[in-house]
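Enquirer: I would like the atomic coordinates for the input below:
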Amino acid sequence: MTHRILVCDPIADDGIELLRRSGAEVDVRFRLSAEELARAAAEYDAFIVRSETKVTAEVLRAAGRLQVIGRAGTGVDNIDVDAATAKGIVVVNAPTGNVSSAAEHTIALMLALCRNIPQADASLRSGEWERERFLGIELHGRTLGIIGLGQVGSEVARRARGLEMRVIAHDPFIPEERGRVLGVEMAPLPELLRESDFISVHTTLSEGTKQLIGEAELRLMKPSARLINVSRGGVIDERALARALEDGRIAGAALDVFEEEPVTKHELFQSKKTIVTPHLGASTAEAQERVALDVAEQIIAVLRGEPARYAVNAPLISPETFSFLAPYIPVGLKAGALAVQLCRGQLQSLEIDYAGEIALHDVTPLKAAVVRGLLASISEEHVNVVNVEIVAQRRGLRITEKHSPSQDIYANLISVRLVATEGETHVSATLAHDGPHIVLIDDFWVDVPPTEGYLLLCENRDQPGMIGAVGTLLGGYDVNISYMNVGRHEKRGNALMVIMMDESLTPEQLESVKNIPSIYRTWQAKL
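Expert: Residues are numbered from 1 along each chain as shown. Here you go, the predicted structure:
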């Protein structure tokens with residue numbers, strides 16, 4: 001049977017030619033409506049998209065023949081990966097093809113900012129000769145702060161070091177030794193914001209990074225600082241940025257991405273302190289050729305029943321092994337996601353212990369699940385069995401694995417231990433009849449059932465009245481408690497109170513819980 005492939009957004013001709021040489025029938029149709037895309041999902045074996053086309057759950061509900069979706073680029077936020085997975089559709093991307101292009105565009109915007117290049121060009125073209133007006137600054141000796149030291153952030157750091165800049169970075173998921181290799185100082189976000197002359201954002205858009213740079217963060221920056229974003233729109237609060245520029249609290253901004261795209265009218269476009277480009281980070285001939293070929297090769301592989309190099313959601317293990325391990329993948333995800341939220345300081349290493357019958361199998365899917373949970377809130381890298389080792393190596397993350405016999409209490413247990421500069425965090429999880437349960441947090445045996453909400457953890461002295469004191473305080477804040485559990489080592493010793501809430505606590509409310517007598521420390525996490 002001849003496979004049919006639909007190219008929904010512009011890609012380099014090299015990729016299309018490669019698909020056709022494989023024997024596939026390739027159609028190129030741009031700007032399809034959701035209804036047209038849904039009809040196509042029933043008629044084609046593969047889609048190729050960039051950022052313009054949205055492959056939603058509604059579109060995928062109509063999928064009949066569709067086997068694979070290729071994203072000619074890094075992020076897959078315009079594809080409903082969960083819906084694709086539920087339909088058995090493989091999602092692939094090209095995470096390395098545009099790294100150099102995005103890094104170079106970042107440097108170009110930084111140079112344009114410090115030398116007022118677009119403004120000077122426009123002035124001269126209008127008939128003015130205003131040398132004094134466009135007095136610039138040098139990059140030499142300035143401090144560049146990089147938020148997100150992933151692939152693009154690392155390349156920006158290398159180029160900035162070549163310009164003899166001091167480079168500092170904030171990325172809690174990059175070990176300090178990785179930073180030292182790049183010649184980068186790792187720093188907390190507030191310190192980076194206060195010290196940097198230029199700040200460049202290189203993080204994906206997720207719930208944890210949405211409006212990461214907002215009003216409070218902008219107020220920490222120097223009045224002479226300049227902000228650059230070639231990552232994802234929405235990471236910066238655009239209204240807060242416009243106010244900061246208008247009030248003179250920062251000197252300038254260069255933006256390649258916006259919360260809503262495409263956009264041709266925006267308050268930031270009116271400011272003389274901004275430089276804006278229409279999402280050009282990956283728009284080079286070389287990058288487009290690389291990502292087109294990467295995606296085309298993977299689509300051909302998937303349609304032939306072969307593994308894809310950058311599969312986002314397709315584990316490559318035997319059906320028998322996957323059938324046994326599949327229920328434990330959410331267990332690993334949950335353990336990793338909770339552990340990283342409780343971890344404090346710069347991450348140094350990860351230890352995973354598989355106990356029970358699961359330890360007798362190829363546990364790569366479980367390792368991928370833990371690492372995926374670990375990085376889900378801060379990275380667009382969709383970790384699976386194909387790329388878990390590459391992702392860990394790229395981030396300098398040391399992973400140690402242990403295989404243990406059955407644990408005394410639980411037949412199968414996944415334990416995650418994170419070592420960071422401010423101590424260790426230990427989370428264990430298992431599978432019960434109703435789904436994944438967290439059963440151990442920092443050596444306290446607890447039971448957190450599969451539910452959604454906000455988790456409040458309080459380490460306290462085990463004495464009468466502690467539960468009531470916390471419950472009364474939360475009630476006063478109109479915070480509803482859906483579940484609670486206590487783990488303790490001994491009577492009247494140390495205990496860990498686990499409270500599931502429907503709403504999150506503000507920093508001030510969390511501090512008031514911590515101030516209750518006999519409570520030693522508190523954490524909050526989202527499940």
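
Enquirer: Could you list the residues in contact with stretch 174-185?
Expert: 146, 149, 154, 157-158, 161, 166-169, 186, 346-349, 395-398, 421 (Cβ atoms under 8 Å, 6 or more residues apart in numbering). C-beta here means a position set from N, CA and C on the backbone, and glycine is covered the same way.

Enquirer: okay, now G336: neighbour count?
Expert: 29 (other Cβ atoms under 10 Å).

Enquirer: same question but for V55, I mixed them up
Expert: 27.

Enquirer: same check, this time on R194
Expert: 14.

Enquirer: so what's it up against?
Expert: By Cβ under 8 Å, 6+ apart, the contact set of R194 is 220-222.

Enquirer: from the contacts of stretch 174-185, which ones fall inside helices?
Expert: 154, 157-158, 161 (DSSP state H).

Enquirer: quick one, what contacts S482?
Expert: 451, 453, 500-502.

Enquirer: for it, helix, strand, or coil?
Expert: Under the three-state scheme (DSSP: H, G, I helix; E, B strand; the rest coil), S482 adopts strand.

Enquirer: P172 too?
Expert: Applying three-state DSSP: P172 is coil.

Enquirer: just for the stretch 251-400 of the chain, where's the confidence low?
Expert: 307, 314-320, 322, 377-388, 390 (pLDDT under 70).

Enquirer: picking that back up, now the contacts of R194 in TSV, with distance to Q407 and secondary structure?
Expert: Formatted as TSV, the contacts of R194 follow (distance: Cβ to Cβ, whole Å; DSSP: H, G, I helix; E, B strand; the rest coil):
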residue	distance to Q407	secondary structure
L220	46	helix
M221	49	coil
K222	53	coil
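
Enquirer: now, among those residues, which is nearest to A12?
Expert: Distance ranking of the contacts of R194 against A12, using Cβ to Cβ, places M221 first at 38.6 Å.

Enquirer: Show me what the lengthiest helix in the chain is packed against.
Expert: For the chain, the longest helix by residue count, based on DSSP H, is helix 285-303. Contacts defined by 3 or more Cβ pairs under 8 Å, 6 or more residues apart in numbering; DSSP states H and E place helix 285-303 against helix 13-21, strand 46-49, strand 68-71, strand 90-93, helix 99-115.

Enquirer: redo that, cut-off 6 Å
Expert: For helix 285-303, the elements it packs on are helix 13-21, strand 68-71, judged by 3 or more Cβ pairs under 6 Å, 6 or more residues apart in numbering; DSSP states H and E.

Enquirer: Just the CA trace of it, in CSV.
Expert: Presented in CSV, the C-alpha positions along helix 285-303 are these (Å, rounded to 0.1, in the frame of the first residue of the first chain):
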residue,chain,number,x,y,z
ALA,A,285,18.1,27.8,5.2
GLU,A,286,20.4,25.4,7.0
ALA,A,287,18.1,24.8,9.9
GLN,A,288,15.1,24.3,7.7
GLU,A,289,16.9,21.8,5.6
ARG,A,290,18.1,19.9,8.8
VAL,A,291,14.7,19.7,10.4
ALA,A,292,13.0,18.8,7.2
LEU,A,293,15.4,15.9,6.6
ASP,A,294,15.3,14.8,10.2
VAL,A,295,11.5,14.6,10.3
ALA,A,296,11.2,13.0,6.8
GLU,A,297,13.7,10.2,7.8
GLN,A,298,11.7,9.5,11.0
ILE,A,299,8.4,9.4,9.2
ILE,A,300,9.7,6.9,6.7
ALA,A,301,11.1,4.8,9.5
VAL,A,302,7.8,4.8,11.5
LEU,A,303,5.7,3.9,8.4
